[in-house]
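Trainee: Need coordinates for the following:
(2 chains, ligands or ions: 2)
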Amino acid sequence: MAQMMFWEAVRRAHDEEMTNDPLVICMGEDIGVAGGTYKATNGLFAKYGAERVIDTPISENGFTGLAVGAAFLGVRPIVEIMSVNFAWLALDQLFNSAAKVRYMSGGQLTAPVVVRSPGGTAHQLGAQHSARMEKVFMGIAGLRVVTPSNPRQAYGLLKSAVRCNDPVFINEHELMYNMKGEVPDGEYFMPLEGSEVAREGRDVTLFGYNISVHWCLAAADILAKQFGIEAEVIDLYSLSPLDRDGIRKSVSKTHRAVIVEEAEAPVGVGSEVMAIINEECFFELDAAPVRVSAENVPIPYNHTLEKAVIPDANDVVAAVRKMLGK
Amino acid sequence: MNSADKKRLLREMLFARRFEERCYEAYVERKIGGFLHLYPGEEACAFGVLEAARPGHDYVITGYRDHVHAIKCGADPKEVMAELYAKETGSSKGRGGSMHIFDVKHRFMGGYALVGGPFPLAAGMAKAIQMKGGDEIAICFLGDAANNQGTFHESMNMAALWKLPVLYVCENNLYGIGTRIDRSTAVIEQYKRVSAYNIPSAQEDGQDIEKVYKAAEKAIKHVRSGKGPYFLELMTYRYRGHSMSDSNAYRGKDEERMWSKRDPIIMLRDRLIEAGELSKDQYKAMDTEVLEQIEHEIIAFAESSPEPRVEELHKYVVAENDPWVHGGVQGGVRGGVK
Ligand SMILES: Cc1ncc(C[n+]2csc(CCOP(=O)(O)OP(=O)(O)O)c2C)c(N)n1
Ligand SMILES: [Mg+2]
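Mentor: Ligands and ions are numbered 1, 2, ... in the order given. Predicted coordinates for the structure are as follows:
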């Protein structure tokens, strides 16, 4: 297994899939000659040419729709939207065209397009560059939503997403592109559904996804070392569909759940996971489930205020201690 | 276009007219639900352009006023009617409805309800054609009011930039629902708007199928030869309301009378009669035949077809048994929990 950075893993998946299938293309703003804002397509322009590595105009809805139309005819586009904040502009084509076309054509047509986009709150980028939009995507029938928490997942999820016959939205994170991790040397296709046990434990389950998995892991360390609490960490890399079985299994084992999300609480991953716990295994619970979420405000520019909005490992530790009375 | 072609086209347009009128009746009888947008008055646009194209070979896409385009591409009218009747035998298996007719085997790539939505989809199909190196083209039919969407400008820019083989046909019926074009649009002549993107364009009388055919021939030759997109504006009029709930209160009776004198079917019929190529009796017989076909074959099929089963409500949401959803195995290591 090689160590590589998150962006290198994404780039490698692009490269392999483009070599494997001449109909795989990638497109987005500044992804070609400039190599991509986060280097996820670095060097591909020189290797595959302008026809397959397409620098698009700043027309998010237009080029996403173009990708969907190309996908109708067998092309496999990987679209990069520079930031999820800009993905709002492409929701029409993503939701109204890509996600619904299979259904409304009675199964005749499908739009196997992959849209990747970094979300999350980075460092003082202000309200219009700091959205966490996964909640918007995960409620749309016909659209798969995955969100990698490490380079291995970033690589394996993109590989499977390109080959899958459904449209897939991949929610990445601006702060994670330089994160290092192990990636299998051989080709690796990760399931687009399910969840992973990132750490085993028996006292409480911490549910995280994308960046919040790392807060959960850091919190689990502190909880184990300082408080003798063994937390299990479940990585919900698939947000649509959510892994009901995985959620039930872990809660049935630990009997306690804390859901950790970088987004604000209303109508989010936390509320959804909580509903699933209620539906699947309410009587397994020894305590009311708790959400650790962001404050519900537009993200402020000021560093101290910004930090106050987004939760971290300490907030997770505090929530667990309160729940367990320790 | 020889005399036999013209007679065939007359029959096809008459069929489309009667088909749409029968839909109207079925809607009133509550056999058809939802929104229903009919095409009477505009027939020469779809038939003229697609006659000059290669239906079944070229990829065609449009908005919600889509029954007739689908049929001209090769869709079985029985299946289109069954779709309107929400039946399992419908072209979209009763899941789409009037605004979402699809017939992918004849390369009719669908009707879409979001005004302006198909502009980039058509450009994308053209991109795929270009990559694969075929001689097909993409043809996108939309209304005049759709040109005020951002997707219009975004798509024209990309289509021109990448020289995509796509023909945009603007069916300019002067209205977007109840808003007349001069009240919504700063530039009235739509074909001029694409000059900002260096896209060649033309405006033509959309009521005269022979003129439409000629203009489309020229446009299609341009697109098929690899010179990039083309924009064809066809001046037309819809005889009915925008959809079934529309009373047409916003337009003047004089205007309606003026356009009814320019009925594309009557114009072609009279021309053929004048030229001695068709008799009034032959036309009447044609009409009777069409009406009988619609009643006895098409409506009968739609009426007698089964509805979709509720047990299959979740079919077609996502791909069935897609191996990659589970971390497929071909050519690679099976993924999964470490
Ligand atoms: C994005 C969007 N906005 C509004 C509507 C409602 N709507 C449906 S058709 C229509 C008018 C479109 O007119 P035009 O493009 O000229 O086509 P026509 O119906 O005249 O053929 C409107 C406003 C819609 N379907 N989609
Ligand atoms: Mg109109």
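Trainee: From chain A, how far out is the closest residue to ligand 2 within chain B?
Mentor: Nearest to ligand 2, among the residues of chain B, is B:Gly143, at 3.5 Å (Cβ to the ion). Quick note: C-beta positions are derived from backbone N, CA and C, even for glycine. Distance of B:Gly143 to chain A, given as Cβ to the nearest Cβ, to the nearest Å: 17 Å.
Trainee: what number of residues lie near that residue?
Mentor: B:Gly143 has 27 neighbouring residues, counting by other Cβ atoms under 10 Å in any protein chain shown.
Trainee: Over to B:Gly134?
Mentor: 14.
Trainee: Check A:Lys253 too.
Mentor: Neighbourhood size, A:Lys253 [other Cβ under 10 Å]: 15.
Trainee: Equivalent analysis for the one 3 residues further on, please.
Mentor: Counted with other Cβ under 10 Å, the burial measure for A:Arg256 works out to 25 neighbours.
Trainee: circling back: bridging residues for the residue of chain B closest to ligand 2?
Mentor: Beta-bridge partners of B:Gly143, counted by DSSP bridges, are B:Glu171.
Trainee: dump the residue contacts of it.
Mentor: Residues in contact with B:Gly143 (Cβ atoms under 8 Å, 6 or more residues apart in numbering or on different chains) are B:63, B:65, B:115, B:170-173, B:176.
Trainee: So which of these reach ligand 1?
Mentor: Restricting the contacts of B:Gly143 to those within reach of ligand 1 (Cβ under 6 Å from any ligand atom) leaves B:65, B:115, B:171, B:173, B:176.
Trainee: What is the least confident helix or strand in chain B?
Mentor: Among the helices and strands of chain B, strand B:333-334 carries the lowest confidence by mean pLDDT, DSSP states H and E, at a mean of 50.
Trainee: Find the centremost residue of chain B, please.
Mentor: In chain B, the residue lying closest to the centroid (Cα atoms, centre = their mean) is B:His69, at 3.4 Å.
Trainee: Correct me if wrong: that residue contacts B:Tyr59.
Mentor: No: if you go by Cβ atoms under 8 Å, B:His69 and B:Tyr59 don't touch, sitting 11.8 Å apart.
Trainee: and of the contacts of B:Gly143, the nearest to B:Lys261?
Mentor: For these, the minimum distance to B:Lys261 (Cβ to Cβ) is 15.9 Å, reached by B:Asn173.
Trainee: Mark which of the contacts of B:Gly143 are buried, thanks.
Mentor: By neighbour count, with 16 or more other Cβ atoms under 10 Å in any protein chain shown, the contacts of B:Gly143 hold B:63, B:65, B:115, B:170-173, B:176 as buried.
Trainee: on that earlier part again, of the ones next to ligand 1 among the contacts of B:Gly143, which is the nearest to B:Gly41?
Mentor: Closest to B:Gly41, out of all of these and judged by Cβ to Cβ, is B:Asn173, at 7.4 Å.
Trainee: and the closest one, what does it touch?
Mentor: By Cβ under 8 Å, 6+ apart, the contact list for B:Asn173 reads B:41-42, B:143-144, B:236-238.
Trainee: and stretch B:238-245, which residues are buried?
Mentor: So stretch B:238-245, judged by 16+ other Cβ under 10 Å, has buried residues B:238-244.
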